[in-house]
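Visitor: Sequence first, then the predicted structure, then my questions.
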Amino acid sequence: MQIFEFYSPTHMYFGPNCESRCGELAAARGATKILVVYGGHSAVKSGLLDRVLASLTQAGLAYQTLGGVQPNPRLSLARKGVEQALSFGADFLLAIGGGSVIDTAKAIADGAANPQTDIWEFWLKKIPVTKALPVGVVLTIPAAGSESSDSAVLTNDDTLEKRGLSCPSHRPAFALLNPQLTATLPPYQVTCGIVDIMMHTMDRYFNPITSNDLTDELAQGLLRCVIRNGTRAVEKPGDYQAMSELMWAGSLSHNGLTGLGNIVDFAPHQLGHELSAMFDVAHGASLSAVWDSWARYCYHTNPARFAKFGVQVWGLDPSGKDDETLALEAIQATKDYFHSIGMPTCLSELSCGIQSEDVLDELAVRCTYYGQRTIGSFQVLQREDIRAIYALANH
């Protein structure tokens with residue numbers, strides 16, 4: 001186990017109708033003017049936005065709203081939000097939605113607290129984030145885990161670059177998790193969320209550290225829970241118990257708990273980011289589309305790790321099998337599960353099959369930030385490795 005620090009300051013509120021406490025909780029943290037950020041029409045049509053705004057009014061809080069957040073959250077809207085927050089004098093951000101909405105709110109919070117800096121400078125890591133406005137969350141989609149994480153992503157509309165940024169100030173002040181709000185989610189959003197939750201755990205699980213028993217047990221148990229309840233959520237849309245488990249798993253999968261004492265990998269995430277930036281595909285789908293190829297390319301680094309994953313997560317019988325055999329069975333079991341919930345496992349299934357070799361080259365170059373980095377820790381991947389994985393997935 002490596003040296004680590006763990007601090008998860010987000011106050012979690014879980015259960016039916018908990019969103020009615022928004023005003024009370026924001027006021028208790030000193031908020032007076034709140035910029036409410038949300039996505040499309042669902043928050044309006046469902047009445048959720050009105051309920052939240054009523055809670056703010058009841059608590060005596062002033063507010064403005066900013067809607068229109070899209071999947072793969074856009075830098076342009078975040079910049080617009082910074083301008084609105086500054087003009088309004090906002091001192092608190094409230095996100096109503098999933099990861100894209102929460103990440104947009106985090107970006108606005110960064111910019112509003114640092115008006116002298118364009119927020120993309122933070123995402124390019126040219127300037128560190130040292131302060132931000134506080135953010136609260138009403139979660140509607142179990143997926144990204146941004147409601148409890150220190151990270152956020154943004155896509156630059158002009159350059160089609162998708163970048164992530166982690167910093168302590170990105171941890172939300174509070175998050176309200178009401179599984180009832182997930183009842184009418186489209187099935188595709190649910191299954192994309194299942195993949196994202198699994199990947200946040202697996203991208204920590206597959207790493208060079210193999211002696212971290214407690215963290216491994218936490219990760220394996222979370223994955224078993226997500227797999228079991230993910231199937232139930234697909235078979236019984238809107239099932240409260242299944243969505244409750246997924247919602248809580250999503251928060252725990254990305255608050256750092258399942259990677260403590262490890263050196264996180266996150267190569268599949270980096271590979272997927274370039275696909276979602278270039279082709280504007282759903283984040284969760286981009287992850288499942290590359291994972292099988294990443295795993296088959298990298299498992300030789302430590303077949304025993306994949307074998308353990310197969311036995312402990314998928315329940316494979318190890319009798320008479322070597323690590324190589326179990327590793328390949330574990331990879332196949334993961335691929336089969338993604339198929340069983342309707343998720344893609346290659347680029348053609350993702351609807352972005354690539355005909356041009358130049359595009360594969362471009363993806364690989366972008367993934368290295370134009371030669372500025374390698375990715376991964378389970379196996380450190382250079383540009384040529386990254387291109388080879390994209391090529392393996394391109395069928």
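Guide: Received it, and whenever you're ready, just let me know what you need.
Visitor: which SS state does the spatially most central residue of the chain fall under?
Guide: For the chain, Ala144 is the residue whose C-alpha lies nearest the centre (CA atoms, centre = their mean; 2.8 Å). Assigned with DSSP: H, G, I helix; E, B strand; the rest coil, Ala144 falls in the coil class.
Visitor: Check the spatially closest residue to it that is not a sequence neighbour and give its pLDDT.
Guide: Nearest-residue entry for Ala144: Gly99, 2.5 Å, with adjacent residues in sequence omitted and distances by CB to CB, 6 or more residues apart in numbering. C-beta here means a position set from N, CA and C on the backbone, and glycine is covered the same way. On the pLDDT scale, Gly99 is placed at 96.
Visitor: show me the contacts for Gly99.
Guide: 141, 143-146, 153, 196, 283 (CB atoms under 8 Å, 6 or more residues apart in numbering).
Visitor: run the last query once more with 6 Å
Guide: The contact partners of Gly99, taken as CB atoms under 6 Å, 6 or more residues apart in numbering, are 143-144, 146.
Visitor: So what touches the one helix or strand in the chain whose mean pLDDT sits lowest?
Guide: Ranking every helix and strand in the chain by mean pLDDT, DSSP states H and E puts helix 42-45 at the bottom, with a mean of 88. Residues outside helix 42-45 that contact it (CB under 6 Å, 6+ apart): 49, 96.
Visitor: and with 10 Å instead?
Guide: Helix 42-45 is contacted by residues 36, 38, 48-52, 65, 67, 96-97, 101, 138, 140-141, 181, 184-186, 189 when judged by CB atoms under 10 Å, 6 or more residues apart in numbering.
Visitor: Then stretch 300-308?
Guide: Among residues not part of stretch 300-308, those counted as contacts by CB under 10 Å, 6+ apart are 205-210, 216, 220, 295, 298-299, 316, 318, 321-331, 334, 376, 378-380.
Visitor: If we use 8 Å, what do you get?
Guide: Under CB under 8 Å, 6+ apart, the answer for stretch 300-308 is 206, 208, 210, 216, 295, 299, 318, 323-324, 326-328, 330-331, 378-379.
Visitor: Can I get that stretch as PDB, trimmed to CA atoms?
Guide: C-alpha atoms of stretch 300-308 as PDB (Å, rounded to 0.1, in the frame of the first residue of the first chain):
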ATOM      1  CA  HIS A 300       0.100  -9.600 -20.400                       C
ATOM      2  CA  THR A 301       1.600  -7.000 -18.000                       C
ATOM      3  CA  ASN A 302       0.000  -8.900 -15.100                       C
ATOM      4  CA  PRO A 303      -2.300 -11.700 -16.000                       C
ATOM      5  CA  ALA A 304      -2.800 -12.500 -12.300                       C
ATOM      6  CA  ARG A 305      -4.500  -9.200 -11.700                       C
ATOM      7  CA  PHE A 306      -7.100 -10.000 -14.400                       C
ATOM      8  CA  ALA A 307      -7.400 -13.500 -13.100                       C
ATOM      9  CA  LYS A 308      -8.200 -12.200  -9.600                       C
END
